[in-house]
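Peer 1: what shape does this take:
(one chain, ligands or ions: 1)
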Amino acid sequence: MQTDHDSAYESDNSQATNTTSIPTDILDGQRQYGRRYHRYRQSTYLIPDDEIQQSCLDLFHCYCTALLGGKHYLAPVPEQSDRVLDLGCGTGTWAVQVADDHPNWQVTGIDLSPIQPTWVPPNLTFVLDDMEDHWTHGEPFDFIHSRQTGGSVKNWPELIQQCYANLKNLGWIEFQELDYSHQALEGVAEEKSLVRLADTLTMKAFRALGRELSVGGEIQGWLENKGFVNVQHRVFKVPLGPWPCDMRLVSVPAPPAVLTIKSQQKVIGDLRLCEYREGLEGLVLKPFVYGLGWSSENVREFVKQVCDEADNQKFPLWCQFHIVFGQKVI
Ligand SMILES: C[S@@+](CC[C@H](N)C(=O)[O-])C[C@H]1O[C@@H](n2cnc3c(N)ncnc32)[C@H](O)[C@@H]1O
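Peer 2: Predicted structure coming up:
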């Protein structure tokens with residue numbers, strides 16, 4: 001576990017008694033194919049952590065919050081809770097907002113990349129750490145949250161076991177995961193949609209490298225198998241682009257999906273398209289090269305064609321955003 005005292009990174013959740021600086025080479029990351037990747041536990045994560053990818057994470061945060069009507073989680077976490085953990089916190093937007101909203105909670109965000117802001121609420125600590133390592137967080141938590149770590153985690157049952165072991169009795173866990181497989185409103189065949197072809201190839205590439213990308217539909221079973229109770233699974237629809245202005249998304253019969261109102265869907269679709277366009281290269285570059293044996297030039301050419309199709313709004317595509325939460329009761 002590496003920490004940077006000067007930039008508000010603390011060594012543990014108990015108010016930093018043994019901080020160390022993050023070495024410059026870790027802060028600088030590792031350059032490959034013109035992108036920057038994390039250097040701490042190098043190659044554990046396949047997606048860059050540079051400014052392009054960080055801005056995608058911020059867009060992602062915006063539409064997730066819009067989908068949840070301004071909330072940051074759906075688990076009924078009591079206000080009198082104390083310790084909260086955000087696994088794979090990315091740019092830290094979720095953790096900052098939760099710490100701001102709940103000044104009495106002690107929030108810890110962990111990530112492999114030191115890409116979080118330095119000015120943070122006093123009740124928030126960021127730690128450079130690998131969530132798949134053996135945890136050394138000390139006291140158990142009241143609430144553990146993780147968003148969009150599909151494609152990161154190699155051993156989900158093991159991670160969920162560590163979460164269970166590090167939650168207090170009556171504590172809550174929540175996962176939020178966007179699927180990478182788009183569905184077509186009007187039954188567009190996969191071979192006709194480059195976006196859908198890209199989905200299939202991306203999942204195949206991640207799988208070849210030992211990671212499942214779209215895990216939202218699996219989490220409920222994993223939580224229940226581990227012994228979590230009061231497990232709930234909610235599904236939201238995320239359009240790729242502003243096409244829902246014509247309300248067609250409302251007609252998709254897929255309960256228990258939750259539908260937002262028309263204008264929100266349009267804004268969410270816009271944000272999602274922006275994030276998709278900006279983020280696709282980073283998502284697929286390393287996985288296609290290492291997992292599928294493509295050249296980086298071919299990946300870039302393919303990405304351009306896929307993004308052109310998405311931009312043109314040729315097909316009304318959407319995907320699912322899963323929220324799954326459960327409680328530890330002993
Ligand atoms: C798709 S991003 C999601 C970031 C953030 N949760 C959000 O919703 O904006 C996944 C994050 O998980 C981090 N990550 C991946 N594998 C990790 C690991 N083994 N331990 C800690 N963080 C990890 C990555 O560095 C990245 O910041």
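
Peer 1: what residues does the stretch 1-150 of the chain have near the ligand?
Peer 2: Proximity of the stretch 1-150 of the chain to the ligand, by CB under 6 Å from any ligand atom, involves residues 38, 44-45, 49, 57, 60-61, 88-90, 94, 110-113, 130-132, 147-149. Backbone N, C-alpha and C define where each C-beta goes, glycine included.

Peer 1: now a ChimeraX select for only the buried ones of these.
Peer 2: Those of those that count as buried under 16 or more other CB atoms under 10 Å are selected in ChimeraX with:
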select :38,45,49,57,60,61,88,89,90,94,110,111,112,113,130,131,132,147,148,149
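
Peer 1: in strands, which of the residues of the stretch 1-150 of the chain next to the ligand fall?
Peer 2: In strands, defined here by DSSP state E, the members of these are Ile110, Asp111, Arg147.

Peer 1: and the pLDDT at the closest residue to the second one other than its chain neighbours?
Peer 2: For Asp111, the nearest residue in space outside its immediate sequence neighbours is Cys89; the separation is 5.0 Å by CB to CB, 6 or more residues apart in numbering. Cys89 is assigned a pLDDT of 98 by the prediction.

Peer 1: check Ala8 too.
Peer 2: With respect to pLDDT, Ala8 scores 31.

Peer 1: can you name the residues of the stretch 151-300 of the chain that neighbour the ligand?
Peer 2: So far as CB under 6 Å from any ligand atom goes, the stretch 151-300 of the chain lies against the ligand at Ser152.

Peer 1: ok, the residue nearest to Tyr37 when sequence neighbours are not counted to the ligand distance?
Peer 2: Nearest residue to Tyr37, sequence neighbours excluded (CB to CB, 6+ apart): Gln30, at 4.8 Å. Going from Gln30 to the ligand by CB to the nearest ligand atom, to the nearest Å gives 13 Å.

Peer 1: next, Gln30: phi, psi?
Peer 2: phi -120, psi 130 (degrees, to the nearest 10).

Peer 1: okay, now Val195: neighbour count?
Peer 2: By other CB atoms under 10 Å, the residues close to Val195 number 21.

Peer 1: from memory it sits against Leu240, does it?
Peer 2: Yes - with contact defined as CB atoms under 8 Å, Val195 counts as touching Leu240 (6.9 Å).

Peer 1: identify the contacts common to those two.
Peer 2: When CB atoms under 8 Å, 6 or more residues apart in numbering defines a contact, the residues bordering Val195 and Leu240 alike are His182, Ala310, Leu317.

Peer 1: any quick PyMOL command for the buried ones out of those residues?
Peer 2: Selection command for PyMOL covering only the buried members of the shared contacts of Val195 and Leu240, criterion 16+ other CB under 10 Å:
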select buried, resi 182+310+317
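
Peer 1: any idea how far Phe126 is from Asp86?
Peer 2: Using CB to CB, to the nearest Å, Phe126 is found at 9 Å from Asp86.

Peer 1: hang on, the earlier thing: in helices, which of the residues of the stretch 1-150 of the chain next to the ligand fall?
Peer 2: Judged by DSSP state H, those include Leu57, Phe60, His61, Trp94 as members of helices.

Peer 1: looking at those residues, which is nearest the ligand?
Peer 2: Leu57 (4.1 Å; CB to the nearest ligand atom).

Peer 1: mutual contacts of Phe126 and Asp86, please.
Peer 2: Contact criterion CB under 8 Å, 6+ apart; residues shared by Phe126 and Asp86: Gly92, Ala95, Thr108, Gly109, Ile110.
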